[in-house]
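1. Generate a structure from the sequence data that follows.
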Amino acid sequence: NKNLVYTMTPAGGGSIQHYDMPIKYECYKSGLAKQDLEFTIRIPVKVYSGQDAHALWVNKGYASSAFYKTAWGDLPGVSGATFTDEVRRKWSAKANKCWGKAGVIWTKPSGEILKYRLRFEFVVVDDAADAAAEVACVTTSGQAVGANPSGTIDAVRWGVNDIDPDTLGPICHEVGHLIGNPDEYGTIVYDGQTRVWGDGYQTGMGIMNNPDNPPLIRNYKPLALELARGFSIPLAEAEIVQDLATISSSARHRLNAHIWI
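-> A predicted model of the protein is given here:
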């Protein structure tokens, strides 16, 4: 129960936008033995189906008619869809495929090395006050399919068909926010630092700039800090490793270093 607080000034100029997003994931050690160390990160969401999805959109202050159109090009064909537990499982699998390769390594003074892999999943809550995000479940048809074939339009409207674990996109970007990352486009002021990132959707800039890019190692820093503090891992002895499967060659980031280096 923390908040992600930052400001963003658009790359092309304009007024400063202030963000204050809840961070409400649950984390627990889920490995069964010392040889099977794992942290599970459970992200609570409240999902709205059908007409309730449209009502959520309006309650958030957006124009009613905009719900039925894509974000880019205003193409018609967006509608509320039925959310099921199967969709939740597949959204979880997608988030895990995107974010779950990384891990935390604890190198103790004795020389013992513990490696914690990460596992991500969504859990559905009934009370919006318990949710990290409120999501409108949607689908696309007609002209909207070409622009958003998976159905996911933006941070609020998530596609019922956005279930391919081998693709990235807005859902994976939103997970980045829900574990503590600010956007990385425009000019961002966050955690005492100002960084000019420029336009969004740049190639190779990572998922918080371009939802179609995989996470960079710095995007795990807020989560890894909370893991280390929660499980009493000294920051000076811990590192994030981008891919535990290729640990000898994978990028690393010390937890006592700053997030943007």
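
2. What strand or helix carries residue 105?
-> For residue 105, the host element (DSSP states H and E) is strand 103-107.

3. From the contact counts, what lies against the strand or helix carrying residue 22?
-> Taking DSSP H and E as the criterion, the element that holds residue 22 is strand 17-23. Applying 3 or more Cβ pairs under 8 Å, 6 or more residues apart in numbering; DSSP states H and E, one finds that strand 17-23 contacts strand 2-9, helix 170-178. All C-beta spots, glycine's among them, are computed from the backbone N, C-alpha and C.

4. give me that answer again for 6 Å
-> strand 2-9 (3 or more Cβ pairs under 6 Å, 6 or more residues apart in numbering; DSSP states H and E).

5. For the strand it packs on, list every residue counted as buried.
-> Neighbour-count burial for strand 2-9, counted by 16 or more other Cβ atoms under 10 Å, picks out 4, 6-9.

6. Could you export those as TSV, including distance to residue 108 and pLDDT?
-> Listed next are the buried residues of strand 2-9 as TSV, based on distance: Cβ to Cβ, whole Å; pLDDT from 0 to 100:
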residue	distance to residue 108	pLDDT
4	31	96
6	34	97
7	39	98
8	40	97
9	43	97
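
7. Contact partners for residue 213?
-> 206-207 (Cβ atoms under 6 Å, 6 or more residues apart in numbering).

8. and the gap between it and residue 173?
-> 9 Å (Cβ to Cβ, to the nearest Å).

9. list residues touching both of the two?
-> Counting by Cβ under 6 Å, 6+ apart, the contacts common to residue 213 and residue 173 are residue 207.

10. Relative to the strand holding residue 22, what are the paired strands and their orientations?
-> Sheet pairing here is set by DSSP bridges, and for strand 17-23 it gives strand 2-9 (antiparallel).

11. What angle do helix 170-178 and the strand it pairs with make with each other?
-> The directions of strand 2-9 and helix 170-178 differ by 110 degrees, with axes from the mean of the first three to the mean of the last three Cα atoms, to 10 degrees as the criterion.

12. contacts for strand 2-9?
-> By Cβ under 6 Å, 6+ apart, the list of residues contacting strand 2-9 reads 16-23, 180, 182-183, 186-190.

13. and if you look at stretch 55-71?
-> Counting by Cβ under 6 Å, 6+ apart, 48, 54, 76, 78, 134, 136, 144, 147-148, 153-154 sit against stretch 55-71.

14. buried sites along stretch 221-231?
-> For stretch 221-231, burial by neighbour count (16+ other Cβ under 10 Å) applies to 221-228.

15. How about stretch 229-248?
-> 233, 237-242, 244.

16. Okay, and which of the residues you listed map to helices?
-> In helices, defined here by DSSP state H, there are no members of the buried residues of stretch 229-248.

17. quick one: which of those is nearest to residue 169?
-> Nearest to residue 169 among those, counting by Cβ to Cβ, is residue 242 at 20.0 Å.

18. Could you check how far that closest one is from residue 216?
-> 8 Å.

19. For those two, list the residues in contact with both.
-> Going by Cβ under 6 Å, 6+ apart, no residue sits against residue 242 while also sitting against residue 216.

20. helices or strands up against the strand holding residue 105?
-> strand 113-124, strand 238-241.

21. Output those strands in CSV; the columns should cover distance to residue 101 and mean pLDDT.
-> Below are the helices and strands packed on strand 103-107 laid out as CSV (distance: least, Cβ to Cβ, whole Å; pLDDT from 0 to 100):
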stretch, distance to residue 101, mean pLDDT
strand 113-124, 8, 94
strand 238-241, 9, 94
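
22. most packed of these?
-> The highest average neighbour count among the helices and strands packed on strand 103-107, using mean count of other Cβ atoms under 10 Å, belongs to strand 238-241 at a mean of 23.

23. list the helices and strands that strand packs on?
-> strand 103-107, strand 252-254.

24. run the last query once more with 10 Å
-> In terms of contacts (3 or more Cβ pairs under 10 Å, 6 or more residues apart in numbering; DSSP states H and E), strand 238-241 is packed against strand 103-107, strand 113-124, helix 221-230, strand 252-254.
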